[in-house]
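Participant: Sequence and predicted model, in that order:
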Amino acid sequence: MAHGALPPISEYGPPRCSSCGSPTTVCEADQRVVLIGEDPARSQAGSIHRKRERTSATPDRGAGAAQLSPSQLVHCRRCSGEDVNADVDTPKPEGYRLPRASPSRRRARAFAFGVALPLLLLHLLICIVLSARERSLRWEPRPHGAAAGSLEVPHIIHQMYKTLDLPAKWAGVPGQWARLHPPSEYTYILWTDESLRELIATDYEWLLPTYDAYPHPTQRWDASRYAVLHKYGGLYADLDLHPIASVDGLLRRQTLLLPHTPNIGLTNALLAATPRHPFLAFALQQLPAYASKWYHVTKHWAVLSSTGSTYIWAMHMRWAREHAGSSAASLVPSADWGKCSYCDGAQVGAHRDLGNPPPASPASPDDRDSGWISPLAHGQGSSWHSGDSRVVLFAFCHVHEAVALAVVWLTWRHTRKLRPTLCASLCLVLIVAVQRLLGLLLLETFLGRPLVWLLMS
């Protein structure tokens, strides 16, 4: 057949696609095959034609395919690999049916509508319920004139270290607490490994086997702080937290304080409770059950989920679901107690010099109106972190970038077009900007909190 000539149509009617049998015509300018009813000029302006070689495995569905040599075979735009929509208006031969979706694709659609969609709705419901429950327990400073309860946090400050010899970076912490909380009003206690084990052996003998079996010292320190507060009550603070004002306003008319952290969830770096508080008794009783779990795959996650911040977060979820009223905790927002994000290197660096604490500033826009100023500042901490901690925290600090790159890559891979890829990138930038502007914790709300609830609560 000469270049530019059409396939013979006298005997078989219009030329048909050699793969699917749909009626076709050929644009003489470049031998591009288009569907009948489509403007050839518009077809020429479309995506680049990708030739599809005829193989012995390709069935002869077209009536005229047998009369053509391999070089004369024609294919419709769909079979030649171009991105076109279903041509429902294209004339088809009598008895021709459009190809049906493959069984695997039909199963995927059935799974999406029958399983994935209900699971997504259930996930959103869990996220909303858990987030609303914690928001309803938000701590608020209470004025002097508030009605006093039967109990309130006693004026005892607890801290702990391996021995009484503190390292240089924390050597001045006890003195700072004493200057702002004079001995006439507050009692300061520095616990050591020896005194903590003696407390467990004397008052919590049933916990001693689990306590001694912990593979990491940090786990024993975590368990000890719950026991100390359960017996004596008061305020526990990590050594990397130092006061810049009195904590009277933080403790006033409170029975149980659990703080939020910008690093997702609650934390046990700062705790306050009345003696023999039932929540602390509950947390102590659950320690043996969480000492060894299948998800303790690394030291960092084992410490967090067996005794640490994630553990106390999960125990609070269980407690808040079943208890309310006077036994419920007040959840202190991270800005209200001076906690900074691990990812905020500038802020951490500014707080590391314990001899020159940063100036006090209002904790949040809402608190500026009420005059609340955080009484604590955050210094150099994370002494228990190991190599796997650095990997986990690096991933946490760059999760937004990772998600953005994944979405952009998937959009480009699926569409191969620049415009939807740029739109997806712009949407991600707007989402991150709105999140930071409004202080929303999307990672905690939609991933961290429901995951901890499902695994541990």
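Facilitator: Noted; the coordinates are in hand.
Participant: ok, how many other residues are close to the closest residue to residue 163 other than its chain neighbours?
Facilitator: Distances taken as Cβ to Cβ, 6 or more residues apart in numbering put residue 192 closest to residue 163, at 5.5 Å, once the chain neighbours are dropped. Every residue, glycine included, has its C-beta placed from N, CA and C. For residue 192, the neighbour count with other Cβ atoms under 10 Å is 14.
Participant: Remind me what the helix or strand that contains residue 393 packs against, helices and strands.
Facilitator: Following DSSP states H and E, one finds residue 393 within helix 387-397. Using 3 or more Cβ pairs under 8 Å, 6 or more residues apart in numbering; DSSP states H and E, the elements in contact with helix 387-397 are helix 299-306.
Participant: From the rest of the structure, what touches the helix it packs on?
Facilitator: Helix 299-306 is contacted from outside by 214-216, 218-219, 222, 287, 290-293, 295-296, 310-311, 314, 384-386, 388-389, 392, 455-456, using Cβ atoms under 8 Å, 6 or more residues apart in numbering.
Participant: Those residues, buried ones only, as a ChimeraX selection?
Facilitator: Buried residues within the contacts of helix 299-306, by 16 or more other Cβ atoms under 10 Å, are selected in ChimeraX with:
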select :214,216,218,219,222,287,290,291,296,310,311,314,384,385,389,456
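Participant: Could you tell me which of the contacts of helix 299-306 belong to helices?
Facilitator: Counting by DSSP state H, the part of these found in helices is 218, 219, 222, 310, 311, 314, 388, 389, 392, 455, 456.
Participant: will you turn these into TSV that also has distance to residue 173 and pLDDT?
Facilitator: As requested, the ones in helices among the contacts of helix 299-306 are exported to TSV (distance: Cβ to Cβ, whole Å; pLDDT from 0 to 100):
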residue	distance to residue 173	pLDDT
218	19	93
219	23	95
222	19	95
310	26	94
311	25	96
314	29	95
388	28	73
389	23	72
392	27	79
455	35	89
456	32	88
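Participant: contacts for stretch 195-205?
Facilitator: Surrounding stretch 195-205, the residues in contact under the criterion Cβ under 8 Å, 6+ apart are 160, 191, 207-208, 211, 220-221, 223-224, 227-228, 231, 284.
Participant: Filter the residues you listed down to the ones in helices?
Facilitator: Per DSSP H, those map to helices at 208, 211, 220, 221, 223, 224, 227, 228, 231, 284.
Participant: Nearest to residue 185 among those?
Facilitator: Nearest to residue 185 among the ones in helices among the contacts of stretch 195-205 is residue 228, at 19.8 Å by Cβ to Cβ.
Participant: quick one: that closest one and residue 333, what's the gap?
Facilitator: When Cβ to Cβ, to the nearest Å is the yardstick, residue 228 and residue 333 sit 25 Å from each other.
Participant: quick one: which of the two has more around it?
Facilitator: Neighbour count, other Cβ under 10 Å: between residue 228 and residue 333, residue 228 has more, with 25 against 20.
Participant: My understanding was that the more buried one contacts residue 190; is that so?
Facilitator: No - using Cβ atoms under 8 Å, residue 228 is not in contact with residue 190, being 11.4 Å away.
Participant: list residues touching both of the two?
Facilitator: residue 160.
Participant: residues in contact with the residue nearest to residue 163?
Facilitator: Contacts of residue 192 by Cβ under 8 Å, 6+ apart are 160, 161, 162, 163, 164.
Participant: ok, for residue 327, nearest residue in space, not its chain neighbours?
Facilitator: With Cβ to Cβ, 6+ apart as the criterion, residue 327 has its nearest non-adjacent residue at 5.5 Å, and that residue is residue 278.
Participant: Just to check, that neighbour is in contact with residue 328?
Facilitator: No - using Cβ under 8 Å, residue 278 is not in contact with residue 328, being 10.6 Å away.
Participant: ok but residue 122 is inside a helix, no?
Facilitator: Yes - counting by DSSP: H, G, I helix; E, B strand; the rest coil, residue 122 is found in a helix.
Participant: what's the neighbour count on it?
Facilitator: Residue 122: 11 neighbours (other Cβ under 10 Å).
Participant: give the contact list for it.
Facilitator: Contacts for residue 122 (Cβ under 8 Å, 6+ apart) come out as none.
Participant: start at 24 instead
Facilitator: Will do, 24 is the new start, and the previous item becomes residue 145.
Participant: Next, the residue nearest to residue 186: phi, psi?
Facilitator: phi -120, psi 170 (degrees, to the nearest 10).
Participant: mind showing which ranges of the stretch 374-480 of the chain have poor pLDDT?
Facilitator: Filtered on pLDDT under 70, the stretch 374-480 of the chain yields the residue ranges 374-394, 403-409, 459-463.
Participant: ranges for the helices of it?
Facilitator: For the stretch 374-480 of the chain, applying DSSP state H, counting those that start in this stretch gives helices covering 388-393, 410-420, 422-438, 441-461, 465-466, 472-479.
Participant: Ramachandran angles for residue 138?
Facilitator: phi -120, psi -50.
Participant: show me what contacts it?
Facilitator: Residues counted as contacts of residue 138 (Cβ under 8 Å, 6+ apart): none.
Participant: follow-up on the earlier one: how about a markdown table for the helices of the stretch 374-480 of the chain, with distance to residue 290 added?
Facilitator: Listed next are these as a markdown table, based on distance: least, Cβ to Cβ, whole Å:
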| stretch | distance to residue 290 |
| --- | --- |
| helix 388-393 | 20 |
| helix 410-420 | 14 |
| helix 422-438 | 19 |
| helix 441-461 | 21 |
| helix 465-466 | 16 |
| helix 472-479 | 13 |
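Participant: Which one of those lies nearest to residue 207?
Facilitator: Here helix 388-393 is closest among the helices of the stretch 374-480 of the chain (Cβ to Cβ), at 28.5 Å.
Participant: Is residue 295 in a helix, a strand, or coil?
Facilitator: Applying three-state DSSP: residue 295 is strand.
Participant: distance of it from residue 180?
Facilitator: Applying Cβ to Cβ, the value for residue 295 to residue 180 is 10 Å.
Participant: list residues touching both of these two?
Facilitator: Shared contacts of residue 295 and residue 180, counting by Cβ under 8 Å, 6+ apart, come down to 257, 258.
Participant: who's more crowded, those two?
Facilitator: More crowded of residue 295 and residue 180, by other Cβ under 10 Å: residue 295, with 29 against 20.
Participant: Let me know the secondary structure of the residue lying closest to that one once chain neighbours are set aside.
Facilitator: Among residues not flanking residue 295 along the chain, residue 280 sits closest, at 3.9 Å (Cβ to Cβ, 6+ apart). Put simply, residue 280 is strand when judged by three-state DSSP.
Participant: Run a quick neighbour tally on residue 280.
Facilitator: Counted with other Cβ under 10 Å, residues neighbouring residue 280 total 20.
Participant: My guess is residue 241 contacts residue 332. True?
Facilitator: No - look at residue 241 against residue 332 with Cβ under 8 Å: they stay out of range, at 11.0 Å.
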